[in-house]
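Undergrad: next comes the sequence, and after it the predicted model I'd like to discuss.
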Amino acid sequence: MRRSSGIAIAVAVGSVAVVAPIWISIQLAWNEALANAKSRVQNHASLLVRRSEEAESQLNHAKSLLNAVHFPPCSPEEVALMQQLAVTSNYIQAIGRVSYNQLTCSSLRTSAPIDIGPANLITENGAEERFNVWIFKAQTHPLLVISEDGLAFIVDSSLMEDLPETGPGITVGIFVPSQRQPDLISTANGGIPTSWLRTIPKGSSTTFLDDGYVVSIVRAQQADIAAVAAYPSIYIGQQLQPFAFIFIPLGLICACGLAWAVAHISRIRLSLPAALRSAAKRKEFYVEYQPIINLETLRFVGAEALVRWRRSGRVVRPDEFIPAAEESGVITLITACVAEIVAADLPHLLAIDPDFHIAINLSGPDFLTTDTVNLLRDVLATSHARPCNLHVEATERCFLQADHSRWMIALIRSLGIAVSIDDFGTGYSSLSCLETLGLDALKIDKSFVETIGTDGATSQVVPHIIDMAHSLELVIVAEGIETATQASFLRSRGVHFAQGWLFGKPMNLASLCASLHAQQAVESTKVLG
Ligand code: G
Ligand code: G
Ligand code: MN
């Protein structure tokens, strides 16, 4: 990764880190306010239904009483009773007799008949309803007249619709849900389209969003009545404010935390090559050796040098810095450190076993310069080792430029140093390029070895790699062996060498020397015995 693209990614991630928590907090606040608005409209509609039911029962009570007493219609006795009933029920304004769209007499005690116009609708049980009746001169809003069997009940629905804390913008209405095309009987604040008047089962309710409104419908349990309440979503924004005061500062705190973390991590990542360069100068790198064994004899025949970085008291593993080192090219300095350490360590190992070898890992950038060849030559010179005591492992990424790679491999091999392809199978390399590179050995990656004895799809790959390596006459080393089953499978397939926790984990020079001494001791007792 180039520095500029690194910065671009850090800026992009940083921006997301700042925007995301704020966006999420606004979203949370909105959801909270929406839920709140939904329950408010539903409460309003329910209250309206309860009042309508109450009005309906007052109406039924008055009707049955008037029918039961059998006073002659419009007689003074009947008008007196009507008056008494109208006064005692809070939703009924007046009661009268209706005939040919006229109130002939009523509790209002007017002398002339009053025109109330034709019915707007006739309900299931034959009651007539008039929604827009104007009776008094001083009336400010239309009244509702419900009539049945000649008796008329004048209801002021605005009393029902006068809800507590309706606040700005809330609209409520009552309608008869059993109608094919329901229409409002009455409404407070107006502005309710008929498309909202949905027919739902008795005793149920529904809440939905439509055209910028939160709408709730509640239908009465018994009476053929339903209420609608609507609240413009625009006001939800106002309710959002108290939530926003909590969530947005919280979001900002999260955003700052995340932005700081991103900045911190990107600073570390961007400065990693610089840190590696100074680590190479200060000799903070050291090496551990992981033994390579002969699968036939189980002898330690060599070891792979694996670099470690001791950074202010902490050991950093190669996976954390090799990729950055390869990208920036600093890896060549690290390779030089490893080569220097190996040159110093080799004499100790060769003193115990003169045929022992150490494998050094090379990366792409190492393959671009002939300095690497000189470096290897220097290792041999300073350690007084023979070329067979030094091996080179190169990953597939080293071989991106096939012609150049072939030339470098030939140069290294001309020193007498063996070259293996590392982590085989994990990169892009194909059989055809393996054929032409002129390698000595192939290391099967541990990700393939892991699949031995399992029935995963890749478990079939290991035998193929082995057969291919045999046909190219390559020495085969298997990596990451952890079980005896894996070892015996590989041995039976003719794999020559192996490396893995089953035989030995990466260890320091002293431990490796001790292991070699122990091995020599066992062998000499065998020879003597
Ligand atoms: O031991 P392990 O975590 O040690 O090694 C992790 C990876 O780092 C291995 O794939 C190995 O190839 C790589 N690696 C270890 N040491 C070196 C080194 O000195 N040079 C390069 N290029 N890669 C190394
Ligand atoms: O360069 P190379 O990819 O060979 O590096 C070997 C890596 O694999 C190192 O990180 C080493 O610690 C790790 N390793 C070596 N042997 C085993 C093993 O048996 N099991 C597992 N899981 N990892 C191993
Ligand atoms: Mn390796």
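TA: In hand now; what should we look at? Please read these numbers as outputs of a predicted model, since none were measured by experiment. Residues are numbered from 1 along each chain as shown. Ligands and ions are numbered 1, 2, ... in the order given.
Undergrad: any stretches of the stretch 1-150 of the chain with poor pLDDT?
TA: Scanning the stretch 1-150 of the chain for pLDDT under 70 picks out 1-7, 10-11, 14, 18.
Undergrad: mind listing the helices for the stretch 251-400 of the chain?
TA: Taking DSSP state H, counting those that start in this stretch, the helices of the stretch 251-400 of the chain run over residues 318-328, 331-352, 371-383.
Undergrad: who in the stretch 251-400 of the chain is up against ligand 2?
TA: Within the stretch 251-400 of the chain, the residues that sit near ligand 2 (CB under 6 Å from any ligand atom) are Gln290, Leu306, Asn361. To be clear about C-beta, it is placed using only N, CA and C from the backbone, and glycine gets the same treatment.
Undergrad: who touches stretch 122-142?
TA: Under the contact criterion CB atoms under 8 Å, 6 or more residues apart in numbering, stretch 122-142 has outside partners 94, 98, 103, 108, 114, 116-121, 143-148, 154, 156, 158, 176, 178, 184-186, 224.
Undergrad: residues of it that come out buried?
TA: Within stretch 122-142, the residues scored as buried using 16 or more other CB atoms under 10 Å are Thr123, Ala127, Glu128, Glu129, Arg130, Phe131, Val133, Ile135, Pro142.
Undergrad: my read: Ser25 touches Ile253, true?
TA: No: Ser25 is beyond contact range of Ile253, at 10.0 Å (criterion: CB atoms under 8 Å).
Undergrad: out of these two, which sits in the busier spot?
TA: Ser25 (22 against 12; other CB atoms under 10 Å).
Undergrad: now the more buried one: how far from Pro249?
TA: Ser25 is 9 Å from Pro249, where distance means CB to CB, to the nearest Å.
Undergrad: if we can go back for a sec, by mean pLDDT, show me the worst of the helices of the stretch 251-400 of the chain.
TA: Here the helices of the stretch 251-400 of the chain differ in mean pLDDT, and the lowest is helix 318-328 at a mean of 92.
Undergrad: does it reach ligand 1?
TA: Yes: legend: contact between helix 318-328 and ligand 1 by CB under 6 Å from any ligand atom is shown at Pro318, Asp319, Ile322.
Undergrad: by how many degrees do that helix and helix 331-352 diverge?
TA: Orientation check (axes from the mean of the first three to the mean of the last three CA atoms, to 10 degrees): helix 318-328 against helix 331-352 gives 130 degrees.
Undergrad: among the helices of the stretch 251-400 of the chain, which is the most enclosed?
TA: Greatest average neighbour count among these goes to helix 331-352 (a mean of 19), per mean count of other CB atoms under 10 Å.
Undergrad: name the helices or strands packed onto that helix?
TA: Counting contacts by 3 or more CB pairs under 8 Å, 6 or more residues apart in numbering; DSSP states H and E, helix 331-352 packs against helix 236-281, strand 285-294, strand 300-311, helix 318-328, strand 357-362, helix 371-383, helix 509-528.
Undergrad: in the third one, what counts as buried?
TA: Taking 16+ other CB under 10 Å as the neighbour-count basis, strand 300-311 is seen to contain the buried residues Phe300, Val301, Gly302, Ala303, Glu304, Ala305, Leu306, Val307, Arg308, Trp309.
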